[in-house]
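>>> Let's see this in three dimensions:
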Amino acid sequence: MADLTASHKWTFTSTGTGKAFDVRGYSQGITFGIESSSGCTGVTQLLHRMGSSAGPYSVISTIVSTLGEFTTDQFMGPLEWVKPRVLDKTSGSTASITVYLQGNG
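Numbering: from 1, shown residues only. Just a heads-up that it's a prediction; the model follows:
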């Protein structure tokens, strides 16, 4: 049975890019969960980079979320630096997008 080797969560109340998370050497399989609140729609990109956390990232997935939706996206590694970017999102104090990361080795 695979062991959980990485876990992280980003929460967005506006558009922007989350802080990079290093999964290098920890996880072979990565699962992202993207959840929009009940009053929120949005577009989220999952980004990846090798080497250092600085510099340009590659888009490995783009997810369009509707109201109160949960979407799963999975990748086989090895991956190194990953982070989400919310490009578009419903405005309002209760509109949020949460991105979860789980990895196993």
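>>> for the residue nearest the centre of the chain, what are its contacts?
Within the chain, the residue whose C-alpha comes closest to the C-alpha centroid is P84; the distance, by Cα atoms, centre = their mean, is 4.0 Å. Listed by Cβ atoms under 8 Å, 6 or more residues apart in numbering, the contact partners of P84 are 10, 12, 17-18, 32, 34, 44-47, 99. All C-beta spots, glycine's among them, are computed from the backbone N, C-alpha and C.
>>> Which one of the residues you listed sits in the busiest neighbourhood?
With neighbours taken as other Cβ atoms under 10 Å, the top of those is T44, carrying 28 neighbours.
>>> got a list of contacts for the helix or strand it falls within?
Remark: T44 resides in strand 42-49, with elements defined by DSSP states H and E. With contacts defined as Cβ under 8 Å, 6+ apart, strand 42-49 is touched by 12, 17, 20, 32, 34, 36, 55-65, 73, 79-90, 97, 99.
>>> Buried ones only from those, please, as a ChimeraX command.
Of these, the buried ones can be selected in ChimeraX as follows, counting by 16 or more other Cβ atoms under 10 Å:
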select :12,20,32,34,36,57,61,63,65,73,79,80,81,82,83,84,85,86,89,90,97,99
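>>> Strands - which of the contacts of strand 42-49 land there?
The subset of those located in strands under the criterion DSSP state E comprises 12, 17, 32, 34, 36, 58-65, 73, 81-89, 97, 99.
>>> Just to check, D88 is in contact with T15?
Yes: A contact is recorded between D88 and T15 when judged using Cβ atoms under 8 Å, the distance being 6.6 Å.
>>> Find the nearest non-adjacent residue to S65, please.
Using Cβ to Cβ, 6 or more residues apart in numbering and skipping the chain neighbours, the partner closest in space to S65 is S36 (3.9 Å).
>>> Please apply the same query to K9.
If the residues on either side of it in the chain are set aside, K9 comes closest to Y100, at 5.3 Å by Cβ to Cβ, 6+ apart.
>>> got the contact list for that neighbour?
Y100 makes contact with 8-9, 32-35, according to Cβ under 8 Å, 6+ apart.
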